[in-house]
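[1] Predicted model follows, preceded by the sequence.
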Amino acid sequence: MTEPLIFEHSRPGRTAAAQFPAGDIDAAVPAELARTSGLGLPEVSELQAVRHFTRLSQRNFSIDTHFYPLGSCTMKYNPRACNRLAMLPEFLSRHPLAPVSASQGFLACMFDLQEILKEVTGMKGVSLTPMAGAQGEFAGVAMIRAYHEARGDTERTEILVPDAAHGTNPATATMCGYVAREIPTDANGDVDVEALKAALGPKTAGIMLTNPSTLGVFERKISEISKLVHQAGGLLYYDGANLNAILGKVRPGDMGFDVIHMNLHKTFSTPHGGGGPGSGAVGVSERLLPFMPIPVVGKAADDSYRWLDEDDLPQSIGRLSGFMGNAGVLLRAYVYARMLGRDGMHRVAEFAALNANYLMARLREAGFDPAFPDRRASHEFIITLKRQNKSVGVTATDVAKRLLDHGFHAPTVYFPLLVPECLLIEPTETESKEALDGFIDAMIAIAEEAEADIEQLRGAPYTMPVRRLDDVRAARQLDVRYQPEAAA
Amino acid sequence: MPFIPHTESDVEQMLGAIDAPSIEALFDEIPAELRCGRLDRVPEGMTEMEITRLMHERADADGRPLNFIGAGAYEHHVPAAVWEIVSRGEFYSAYTPYQAEASQGTLQVIYEFQTMMCGLTGLDVSNASLYDGATALAEALLMAVRANRKSKSRRILMPRSVAPVYRQVVETICSTQGLQLVELAYDPATGTTPEAALAEHAGGDITAVVIPHPNFFGCFEAVDQLTDWAHANGALAVALVNPVALALTRAPGEWGAQGVDICCGEGQPLGSPLSSGGPYFGFMTCKQALVRQLPGRIVGRTLDLDGKPGFALTLQAREQHIRRGKATSNICTNQGLLVTAATIHMSILGPAGLQQVARASMANTRKLVDALVELPGVEPVFSGTRFHEAVLRFDQPVRPLIDALGGRGIVGGYALEPVYPELKHCLLVCATETKTDADIDTYVQTLAALMRPASAA
Amino acid sequence: MSDIPQDLKFAESHEWVREEGGGLVTVGISDHAQEALGDLVYVEVPDVGAAVTVGDACAVVESVKAASDVYSPVDGEVVAVNEALADAPELINSEPYGEGWIMQVRLADANALDDLLDAEGYANAIADE
């Protein structure tokens, strides 16, 4: 069953009249500026809109409906209380420029959140303004740049990035005016330290690392790397994508990182919302404190809260959003952090690691190949189908699509790029053993099907609203908006 | 244990399968000297009942003042159905639609959103949104640099009538890439950018011209002249618009002889609550010829194996996860949930509703201005045609007035002097369709009472 | 087994070069390369008049999953580009050595082709992959 486009429900003259002011309103723009074309919006009743969008929602997998072991994305339960409490009417109607005298409740939440994030990361300062992980990355590298420039150290032009890194890392380095230089990974999944030594030098502005890395293993030589980079005059950037794996166990600040971003939509359980909003708060070491993006919430001697801005942080890299970033997301993260509390933080990493290692052990027993069989899984791990691809021709895409038919969202596929035919699997701490066992059973059934009937597998999925989609057609015959005249 | 389902027997069985003596053993690859102890400065955990009490207390402390402020974030009525549906777990807790077959809901919503934004702006292609209006402008300018291959200067003409914070954000994001922002003065009488401000740049190498409409002062700019000037001088025209105003004003795709090349803006007025400044979403549309330079996600309609229509992310090779260091931007997310809200919001309001909201906001601001200028010591500053914001000059500093109004449950406006020193004692005010005549009267009377002693002094 | 015409020269990075006489060469990517890339959905060609240098990225070919640089196999100036690729990138898939050509270059140095591989050399190079 397809759901027609909202435009196909539209009939001229139909309105949802309860939703807007009625009558003739005396307001018009001068003729030379006035609208001459239609608005291109549908004309439907409120019920038609409600039914249409409710039906569309039912065409999605989500955490609330399905196990969603998407590696590197930390699809854990998003507690409903976080949404409810962030949407209290007072918070929703608070204007971003409201006077601080009428904002102490909100500012208290933000200040507390900054303090909690400082403690769990071991950093000296936190700015909550970046609106997504990628913007946090931008802020982080921009701070590294500002730091070097403030010292008159302008010859540093390179940011080192491991070849396993997220694509955002090199993209960010480029955005900040640096050249991204790749560092290879050794056979055990650690950074190749000899190659790192060869790359370090007077051009090194810094290094961007994820730890545990995108390969699902802890970078064991982190202290040595930290020492080498600092000796070369560079700074260390921590990509917080995998912070869930180590929350309450080891802190980026203690590993020697100078700046980190946190994906609050991962570790602190704010919703992914079908692709955003995220939130990419940044934490900094002592030496980067003056460069934090503004605004930051400060506390005065009389315990009142206020915004710290250009006047307080004149060396700041500046503003990253129209106001203070994704405040509503930050409120959700705050509620989550308070509900977890001190002991809950440790448990996040513990049970995320337990679930990941259990899944890895059971899948290995079932005949799947972990990419790093001699390593502990962090909160996620990689299965490679290289062997099965050679023997029966099965691909990671085939397995991913067939999992949908079994009622499981697919793991991340084809990332990291280093491992052929890979599935990056992250169960998170909020999944029960029964959910994991169900997933294992599905993987075993798919492996058997690959041996018995590979064509059946290649046709998957069969039970979704659509079958496999033609990506090539989507790109070659670009159709990115509804044009009734073209469809007719 | 909050949000963790494991029983003791589960843990035991799972450790057995792993062949590990304890959960602690799973962390044995982390060097012992790096391990942290108790997180003493994190408070003890709270139950849902306890955190609910705390959050209500904090929310109550802030109250619900009457907002007579805009300055980039506007209070509009949002139909109840919008956030009821947006909060459904299937939208709320889904990830980016990388597995298209299991994400047709989110993908179709984005396709419908793209269609609506193309319709409103009169352009061919829309992305699936960016973080907010300010970053959308920054991304639009980076895009203009990539798209205008004839221009080598990376010089952008930026009217002073563009929101100061937008100009700051553009500076933060674009300065590392060598963009040069050249300010265009506004006419102190009209509050709009005169053609004369452009004249000195004629014949120079200009990459793009930004055209805010309405501008930060609420005034409509001479968009046809500015667009045509940009094109006559080899520059791209970049529109920065309020989407609600587009219900009444000519679509940017129809400005001047050829229409603008790129249009962007803050999507918040389309269904995002004020919410202290976010999450909102930025939108961006452009002409077909520039689609490859458009940053962010794009959804396309295609066919499945059975020839049935379906939706998928497309043109992904522009993006960071494939292009890495050569991507059009490092952006990964769109503001999916806010886009879902906007799509539902626009569907329910429809063209008639959005026009009525725009008209009512315009009319309310006019009422407010008419009443305020009746007060001794208050006068309008600019003569240009306004949308739903206006600049007023007082005979006394406005900061104390704003603070005093705040104490009386009114957010009275935005003080312009700190960011526009030439606008001494000037206040930017706004009254959207949410304000009644009684609200306006309350504001005017309260302000009048507060001003009297100052005027007498 | 992919097609490797005997009359062409090749770069190890999978571009081919055909001498057109008068110091002009035509450049494209090999059958082997298009096979490895899969269905192409977009080709970004250089500007006419642009200077190209051996080993520098001069064009980009995109499939739905990857974007790959095309490296210039010669030094010179671009005198023509294949405009048809804008609407039909699939020409590279169907006729990599014919209608799927990418650019014509006027060589800076007519002897510069000596460093390129001949058909046999290229066949050996891809056999090693």
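    It's in.
[2] low-confidence ranges in chain B?
    Low-confidence segments of chain B (pLDDT under 70): B:320-328, B:452-457.
[3] mind running it again at 90?
    Counting by pLDDT under 90, the low-confidence segments of chain B come to B:1, B:37, B:98, B:149, B:175-178, B:292, B:315-334, B:384, B:452-457.
[4] what does the stretch 351-488 of chain A give?
    Scanning the stretch 351-488 of chain A for pLDDT under 90 picks out the ranges A:414-418, A:484-488.
[5] Which residues of it lie near chain C?
    Applying CB under 8 Å from any CB of the partner chain, one finds that the stretch 351-488 of chain A approaches chain C through A:Tyr414, A:Asp471, A:Val472, A:Ala474, A:Ala475, A:Arg476. (C-beta placed from N, C-alpha, C; glycine too.)
[6] give me the number of residues near the second one?
    Around A:Asp471 sit 20 other residues, with neighbours defined as other CB atoms under 10 Å in any protein chain shown.
[7] residue contacts, it?
    Counting by CB atoms under 8 Å, 6 or more residues apart in numbering or on different chains, A:Asp471 touches B:Thr302, B:Ala312, B:Thr314, C:Val64.
[8] Of those, which are in range of chain A?
    Okay, of the contacts of A:Asp471 touching chain A (CB under 8 Å from any CB), that's B:Thr302, B:Ala312, B:Thr314, C:Val64.
[9] secondary structure class for the second one?
    Just to be clear, that refers to B:Ala312. Secondary structure, DSSP: H, G, I helix; E, B strand; the rest coil: B:Ala312 is strand.
[10] Longest helix in the chain, by number of residues?
    Since you didn't name a chain, this refers to chain A. Ordering each helix of chain A by length in residues (DSSP state H) puts helix A:327-365 first.
[11] sorry, should have said chain C
    Secondary structure of chain C per DSSP H: the longest helix is helix C:119-127.
[12] Surely A:Ser62 touches B:Pro97?
    No: applying CB atoms under 8 Å as the test, A:Ser62 and B:Pro97 come out as separate, 11.1 Å apart.
[13] per-residue pLDDT, the closest residue to A:Thr129 other than its chain neighbours?
    Nearest-residue entry for A:Thr129: A:Gly325, 4.0 Å, with adjacent residues in sequence omitted and distances by CB to CB, 6 or more residues apart in numbering or on different chains. Reading off the per-residue confidence, A:Gly325 sits at a pLDDT of 94.
[14] okay, now A:Gly325: neighbour count?
    By other CB under 10 Å, 33 other residues sit near A:Gly325.
[15] helix, strand or coil for it?
    Using three-state DSSP, the three-state assignment for A:Gly325 comes out as coil.
[16] and chain C, which residues reach chain A?
    When proximity is defined by CB under 8 Å from any CB, chain C lies next to chain A at C:Asp39, C:Val41, C:Tyr42, C:Glu62, C:Ser63, C:Val64, C:Lys65, C:Pro89, C:Glu90.
[17] Most neighbours among the residues you listed, which one?
    So for these (other CB under 10 Å), the most neighbours sit at C:Val41, 25 neighbours.
[18] The longest helix of chain C packs against which elements?
    Contacting helix C:119-127 under the criterion 3 or more CB pairs under 8 Å, 6 or more residues apart in numbering or on different chains; DSSP states H and E are the following elements: strand C:9-10.
[19] For B:Thr176, state which of the residues of chain C next to chain A is nearest.
    Minimum distance to B:Thr176 across the residues of chain C next to chain A is 26.5 Å, recorded for C:Glu62 (CB to CB).
[20] tell me which element that closest one falls in.
    Assigned by DSSP states H and E, C:Glu62 belongs to strand C:57-63.
[21] Show me what that strand is packed against.
    Using 3+ CB pairs under 8 Å, 6+ apart, strand C:57-63 is in contact with strand C:40-44, strand C:67-71.
[22] Now do the contacts for the residue of chain C found nearest chain A.
    Ranked by CB to the nearest CB, the top residue of chain C for proximity to chain A is C:Val41, at 3.6 Å. With contact taken as CB under 8 Å, 6+ apart, C:Val41 is in contact with A:Val472, A:Ala475, A:Arg476, B:Ala317, C:Glu62, C:Ser63, C:Val64, C:Pro89.
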